[in-house]
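Q: sequence unknown, structure follows:
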């Protein structure tokens with residue numbers, strides 16, 4: 001049970017529980033075994049979206065304007081992207097996989113701050129993050145750096161080498177956003193200087209959101225001449241290859257290993273993770289050339305993985321998904337469509353409007369970020385509203401056992417059993433601090 005709580009989205013009503021303690025082999029197998037229940041929530045690819053966007057752009061310039069069919073398709077696509085964010089973790093069998101996707105998509109953040117980003121945001125998660133959670137961190141870094149969503153989000157498409165053809169003609173220059181966040185958040189975090197940021201921005205100048213190849217440097221915008229980043233020299237002879245070489249070099253740095261190690265330990269174990277765990281994860285990263293499954297194995301075999309003390313507060317996404325899994329909600333339920341419409345504002349009230357992280361470092365990974373009075377009040381409101389969905393069809397004591405097993409306190413069991421109505425006992429469970437912890 002602890003395996004599903006700590007490394008997934010909690011037990012699902014109507015499905016057998018994972019038996020025994022945390023099983024590293026069982027969890028790591030999820031990285032390679034197909035998950036049809038999760039794949040049912042797959043969204044259209046970047047290529048599909050670009051085709052739809054091309055149709056929209058063409059129709060917009062026509063005399064007739066945008067057709068109702070195209071307009072509806074675009075609105076429906078965004079609505080389904082939002083649903084996928086909440087419901088894929090609810091229904092997926094591979095909970096560990098979904099946790100990893102959300103972890104790395106949050107660590108290497110792209111947020112919906114403009115319409116152009118929203119149209120390519122879901123493919124960023126599905127095509128730049130998801131395929132690489134079972135590979136090397138370097139490949140994930142490369143895929144995310146080159147993805148159109150990242151380049152649009154951090155204004156890289158407007159970054160021009162000051163000595164380039166376009167720079168001299170237009171009088172425009174560098175934008176250091178992507179260079180800074182790549183070093184500060186996505187990789188090293190420490191061990192670099194402002195000079196490295198500027199030199200990296202010069203190296204990246206001219207990168208474009210080339211939505212066909214997804215990797216291109218416009219020679220008209222590229223900064224000519226030598227750049228030196230972290231002591232490595234780049235002469236501009238092959239900009240694309242040099243950017244990839246820089247990414248590989250940064251991915252192999254001990255600072256990056258440490259940052260990845262801390263990110264994993266803090267996400268799964270504790271806001272202030274054990275120092276020996278972080279050390280072991282960083283060592284595994286370096287020993288295995290950034291191969292993430294080898295690092296995950298160290299995490300899953302550490303004593304903290306089986307500690308009965310659950311120190312992490314579930315994020316709103318985690319909390320809502322765990323609640324829906326516990327309730328055994330299915331798309332066939334009569335009120336399912338109504339429920340789905342309520343989910344985005346519910347997460348927003350808890351502090352996590354879907355795909356709208358307020359900062360480039362993503363959603364909070366520590367409890368303090370989710371514990372303002374309005375956010376906690378929204379959790380209580382959700383506990384009541386979601387419990388009402390079950391009405392009196394479930395035994396709240398049995399639900400406590402399903403949700404928490406031996407990790408439920410006698411007080412919680414007693415409170416659930418003494419509720420006047422069954423749904424009220426279920427609300428006590430979902431609204432309890434114990435259920436919010438993983």
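A: In hand now; what should we look at? What you see is a predicted model, and the numbers here were worked out from it, not measured in a lab.

Q: so where's the stretch 51-200 of the chain shaky on pLDDT?
A: 114-115 (pLDDT under 70).

Q: Can you give me the buried ones in the helix or strand harbouring residue 389?
A: Per DSSP states H and E, residue 389 falls inside helix 373-390. Using 16 or more other C-beta atoms under 10 Å as the test for burial, helix 373-390 gives 378, 379, 382, 383, 384, 386, 387, 389, 390. In this view, the C-beta of every residue, glycine as well, is placed from N, C-alpha and C.

Q: again with stretch 178-194
A: 178-189, 191-192.

Q: Sitting in helices, which of these do you find?
A: Among the buried residues of stretch 178-194, DSSP state H puts 178, 179, 180, 181 in helices.

Q: so who does the last one touch?
A: Taking C-beta atoms under 8 Å, 6 or more residues apart in numbering as the criterion, residue 181 is in contact with 154, 360.

Q: again, but for the third one
A: By C-beta under 8 Å, 6+ apart, the contact set of residue 180 is 197, 201.

Q: Show me the strands in the stretch 201-350 of the chain, by range?
A: Assigned by DSSP state E, counting those that start in this stretch, the strands in the stretch 201-350 of the chain fall at 227-229, 232-234.

Q: Listing partners with orientation, what would you give for the last one?
A: Paired strands of strand 232-234, with direction, are strand 227-229 (antiparallel) (DSSP bridges).

Q: what sits up against the strand it pairs with?
A: 196, 199, 200, 202, 203, 233, 234, 236, 246.

Q: And the pLDDT for the residue nearest to the fifth one when sequence neighbours are not counted?
A: Closest residue to residue 203 in three dimensions, ignoring its sequence neighbours and counting by C-beta to C-beta, 6 or more residues apart in numbering: residue 227, at 4.7 Å. The predicted local confidence for residue 227 comes out at a pLDDT of 97.

Q: Residue 227 bridge partners, please.
A: residue 234.

Q: how many other residues sit next to it?
A: Residues within reach of residue 227, counting by other C-beta atoms under 10 Å, total 22.

Q: One more: the one 4 residues further on?
A: The burial metric for residue 231, expressed as a neighbour count using other C-beta under 10 Å, is 7.

Q: My guess is residue 244 contacts residue 143. True?
A: No. Residue 244 is not in contact with residue 143 according to C-beta atoms under 8 Å; the separation is 10.8 Å.

Q: Among these two, which residue is more densely surrounded?
A: The residue with more neighbours, out of residue 244 and residue 143, is residue 143; 22 against 17, by other C-beta under 10 Å.

Q: mind checking how far that one is from residue 285?
A: Note on residue 143: its distance to residue 285, by C-beta to C-beta, to the nearest Å, is 18 Å.

Q: Of the contacts of strand 227-229, grab the buried ones for ChimeraX.
A: Filtering the contacts of strand 227-229 down to the buried ones (16+ other C-beta under 10 Å) takes a single ChimeraX command:
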select :196,199,200,202,203,234,236,246
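
Q: can you list the contacts of strand 227-229 in JSON lines and add distance to residue 429?
A: Formatted as JSON lines, these follow (distance: C-beta to C-beta, whole Å):
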{"residue": "196", "distance to residue 429": "51"}
{"residue": "199", "distance to residue 429": "55"}
{"residue": "200", "distance to residue 429": "50"}
{"residue": "202", "distance to residue 429": "56"}
{"residue": "203", "distance to residue 429": "53"}
{"residue": "233", "distance to residue 429": "60"}
{"residue": "234", "distance to residue 429": "57"}
{"residue": "236", "distance to residue 429": "61"}
{"residue": "246", "distance to residue 429": "50"}
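
Q: Among the contacts of strand 227-229, pick out the one closest to residue 254, please.
A: Nearest to residue 254 among the contacts of strand 227-229, counting by C-beta to C-beta, is residue 196 at 15.7 Å.

Q: that older thread, out of the strands of the stretch 201-350 of the chain, which gets nearest to residue 24?
A: strand 232-234 (36.2 Å).

Q: For residue 40, give me the backbone phi and psi.
A: phi -60, psi -20 (degrees, to the nearest 10).

Q: nearest spatial neighbour of it, skipping sequence neighbours?
A: Residue 40 sits nearest to residue 91 (C-beta to C-beta, 6+ apart), 6.9 Å away.

Q: cool, residue 103 as well?
A: Nearest to residue 103 is residue 267, by C-beta to C-beta, 6+ apart, at 5.1 Å.

Q: How far away from the center of its chain is the longest helix seen in the chain?
A: In the chain, taking DSSP H as the definition, the longest helix is helix 68-91. Distance, stretch centre to chain centre, for helix 68-91: 17 Å (C-alpha atoms, centre = their mean, to the nearest Å).

Q: so is the residue lying farthest from the centre of the chain in a helix, a strand, or just coil?
A: Ranked by distance from the centre of the chain (C-alpha atoms, centre = their mean), the top residue is residue 63, with 41.2 Å. The three-state label for residue 63, taken from DSSP: H, G, I helix; E, B strand; the rest coil, comes out as coil.

Q: how close does it get to residue 41?
A: Residue 63 is 38 Å from residue 41, by C-beta to C-beta.

Q: Would you check how far apart the closest residue to residue 236 other than its chain neighbours and residue 382 are?
A: Leaving out its chain neighbours, the residue that sits closest to residue 236 by C-beta to C-beta, 6+ apart is residue 224, at 5.7 Å. Counting by C-beta to C-beta, the separation of residue 224 from residue 382 is 56 Å.

Q: and the gap between residue 235 and residue 168?
A: Distance from residue 235 to residue 168, by C-beta to C-beta: 20 Å.

Q: In contact with residue 316, which residues?
A: 346, 347, 350, 351, 352, 370, 375, 379.

Q: how about the helices in the stretch 201-350 of the chain?
A: Under the criterion DSSP state H, counting those that start in this stretch, helices of the stretch 201-350 of the chain are mapped to 239-251, 254-268, 275-287, 292-301, 316-327, 336-349.
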